[in-house]
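**Q** Whatever this is, show me its structure:
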Amino acid sequence: MSHNSQVQASDDERERVVQRLQLAFAEGRLDTAEIDERLHAALTARTQGELSTVLADLPGESRAEPVRIRSGNGIVRRGEWRVPRELSVECGYGGVELDLSRAIIDDQVVDIELVLPYGSARIVLPHDATVDADGVVTEWGRMTYQAVRQRGAPRVHVRVKGHLGYGRLKIVHRG
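**A** Residues are numbered from 1 along each chain as shown. All right, here's what the predicted structure looks like:
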């Protein structure tokens with residue numbers, strides 16, 4: 001985001017600030033009153049300068065690019081693989097399985113983007129994870145997820161977004 005304080009803020013810039021505030025809250029950097037106040041300020045900000053003020057006393061976010069995995073015929077990740085903060089998965093025709101149940105997850109929030117024109121995906125979550133898959137768009141396929149009752153605070157929150165043309169997305173928890 002540019003630091004020109006008079007430039008109008010875009011919806012994308014406001015959304016990035018909201019995501020950074022949510023992460024700061026998850027990290028314990030903001031209490032409930034602070035995040036409510038800052039979310040309101042971010043969502044009503046008109047300029048980039050107003051957005052910068054909302055984040056001024058928080059550490060800068062990582063500028064790392066998302067990890068991209070591409071295949072025309074299937075992708076599988078199981079076992080003790082390291083899950084990046086942002087993961088983009090593109091698969092033309094095959095299936096995708098992302099098993100996070102035994103994976104090494106360093107971040108409290110993980111973003112997964114799926115681009116599956118004809119393939120399907122299965123995401124296996126640890127028992128102490130929460131998920132938000134409202135950002136998934138399906139055309140002819142479908143998405144299934146049955147939430148489980150959380151015991152204690154979640155270790156990780158997984159946000160799934162993307163596009164499935166004809167395939168299905170199934171999200172499950174492993175105990």
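
**Q** Residue 93 contacts residue 75, correct?
**A** No: taking contacts as CB atoms under 8 Å, residue 93 lies outside contact range of residue 75: 11.3 Å. Backbone N, C-alpha and C define where each C-beta goes, glycine included.

**Q** Give me the more crowded residue out of these two.
**A** Neighbours per residue (other CB atoms under 10 Å) separate residue 93 from residue 75, with residue 75 holding more: 18 against 14.

**Q** For the more buried one, give me phi and psi.
**A** Dihedral pair for residue 75: phi -140, psi 130, per degrees, to the nearest 10.

**Q** Residue 110 too?
**A** Torsion angles, degrees, to the nearest 10, at residue 110: phi -120, psi 130.

**Q** That one contacts residue 154, doesn't it?
**A** No: counting by CB under 8 Å, residue 110 stays clear of residue 154, with 11.5 Å between them.

**Q** Have a look at those two and say which one is more surrounded.
**A** Between residue 110 and residue 154, counted using other CB under 10 Å, residue 110 has the larger neighbour count: 22 against 17.

**Q** and the more buried one, what does it touch?
**A** 83-87, 100, 156-159 (CB atoms under 8 Å, 6 or more residues apart in numbering).

**Q** now the strands for the chain?
**A** Taking DSSP state E, the strands of the chain run over residues 67-71, 75-77, 82-83, 86-91, 96-99, 104-105, 109-116, 121-126, 129-138, 142-145, 156-164, 168-174.

**Q** Output those in TSV; the columns should cover distance to residue 33 and mean pLDDT.
**A** As requested, the strands of the chain are exported to TSV (distance: least, CB to CB, whole Å; pLDDT from 0 to 100):
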stretch	distance to residue 33	mean pLDDT
strand 67-71	35	92
strand 75-77	39	95
strand 82-83	32	92
strand 86-91	29	94
strand 96-99	36	97
strand 104-105	29	92
strand 109-116	21	94
strand 121-126	31	96
strand 129-138	23	92
strand 142-145	32	89
strand 156-164	21	93
strand 168-174	32	93
